[in-house]
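Chemist: Build me a structure from this.
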Amino acid sequence: MKKSSWMGFMTAALLACAVMFAGTAWAKPQENCPIMGGPINKSVYTDYNGKRVYFCCNGCPETFLKEPEKYIKQMESAGIELEKAPVQPAGK
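Modeler: Numbering: from 1, shown residues only. As a prediction, the model looks like this:
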């Protein structure tokens with residue numbers, strides 16, 4: 001009886017850990033431009049609602065800003081975890 005109780009506890013603990021880390025285990029960093037699909041250039045980006053979105057070229061941010069929620073939803077649905085935008089000090 002003790003052995004099965006111990007196994008049940010361990011199974012429950014492992015399941016709890018799996019659920020807790022599920023959101024981070026599958027997330028991957030952004031590697032492709034949400035507009036053109038090519039590799040990102042980390043010097044070309046825009047910050048939107050606390051998230052930093054990278055693009056392949058200078059023309060893509062303008063297209064992104066016309067429908068930002070659409071592109072963010074597509075990336076997050078694909079398992080992409082966007083970087084957090086740096087917080088600017090007040091008054092800057």
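Chemist: okay, CA-based contacts and neighbour counts for the rest of this
Modeler: Fine.
Chemist: tell me the contacts of the nearest residue to residue 33 once chain neighbours are set aside?
Modeler: Excluding its sequence neighbours, the residue lying closest to residue 33 (C-alpha to C-alpha, 6 or more residues apart in numbering) is residue 55, at 4.5 Å. For residue 55, the contact set (C-alpha atoms under 8 Å, 6 or more residues apart in numbering) comprises 32, 33, 34, 35, 39, 40, 41, 42, 44, 45, 61.
Chemist: if I look at residue 63, how far off is residue 90?
Modeler: To residue 90, residue 63 is 29 Å away according to C-alpha to C-alpha, to the nearest Å.
Chemist: my guess is residue 35 meets residue 62, correct?
Modeler: No: here residue 35 does not reach residue 62: they are 10.0 Å apart, not a contact under C-alpha atoms under 8 Å.
Chemist: between the contacts of residue 55, which has the most around it?
Modeler: residue 34 (24 neighbours; other C-alpha atoms under 10 Å).
Chemist: do you know how far that one is from residue 87?
Modeler: Distance, residue 34 to residue 87, using C-alpha to C-alpha: 23 Å.
Chemist: who does the residue minimising distance to the centre of the chain bridge with?
Modeler: The residue lying closest to the centre of the chain (C-alpha atoms, centre = their mean) is residue 81, at 1.1 Å. Beta-bridge pairing for residue 81 (DSSP bridges): residue 29.
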